[in-house]
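> Any chance you can model this:
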Amino acid sequence: MKTAICYYSRHHGNTLKVLQAMAEEGNVDLIDVTTRQAVPLENYDCVGFASGVYFGKFHEGVIACAQQYMPQGKPVFFVCTYGAAKGSGFKTLASIASEKGCPVLGTFGCRGYDTFGPWKLVGGIAKRHPSARDLDKARAFYREIQDG
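Purely as a prediction, here's the structure:
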């Protein structure tokens, strides 16, 4: 199965670490939404959207990418990393998927080292995350998506 994952990962690269672990499991193209490249997502069997969670939401670049480029009727999945809580980012993407008739194959989230905003004052939270165990769970999630 050929998969594209459109993502935003900055600060500590937590989300990218998770996606690279998933990519080890198969034919995955990672597409950084900040590059503004137009990628024909309809050429993929499945499309993922991934981001860190910022104040309870996925990064606006990933949301905009999903709104503009999520192919009609294409199976999709969502991935996030977060310091304290997942927030409601999955709901926003699920709503876009519903509008486009895209079945949601699943969601994956794990903690990620976070020094954003007030967490910087205390040296960050979720240190040493994503951990090896988190990455193993990410690989297992993607294998389930593939085996679907």
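
> continuing past the lowest-mean-pLDDT helix or strand in the chain, what's the next helix or strand?
Across the helices and strands of the chain, mean pLDDT, DSSP states H and E gives its lowest value to strand 57-58, namely a mean of 90. Next helix or strand after strand 57-58 toward the C-terminus (DSSP states H and E): helix 60-69.

> Could you measure from Leu16 over to Gly112?
From Leu16 across to Gly112, the span is 10 Å (Cβ to Cβ, to the nearest Å). Any C-beta I mention is one placed from the backbone N, CA and C, and that applies to glycine too.

> Among these two, which residue is more densely surrounded?
The neighbour count for Leu16 versus Gly112, taken as other Cβ atoms under 10 Å, is higher for Gly112 (25 against 19).

> which secondary structure element contains the residue nearest to the spatial centre of the chain?
When Cα atoms, centre = their mean is applied to the chain, the residue found nearest the centroid is Ala50 (1.6 Å). Per DSSP H and E: Ala50 is located in strand 46-54.

> Good, we can wrap up now.
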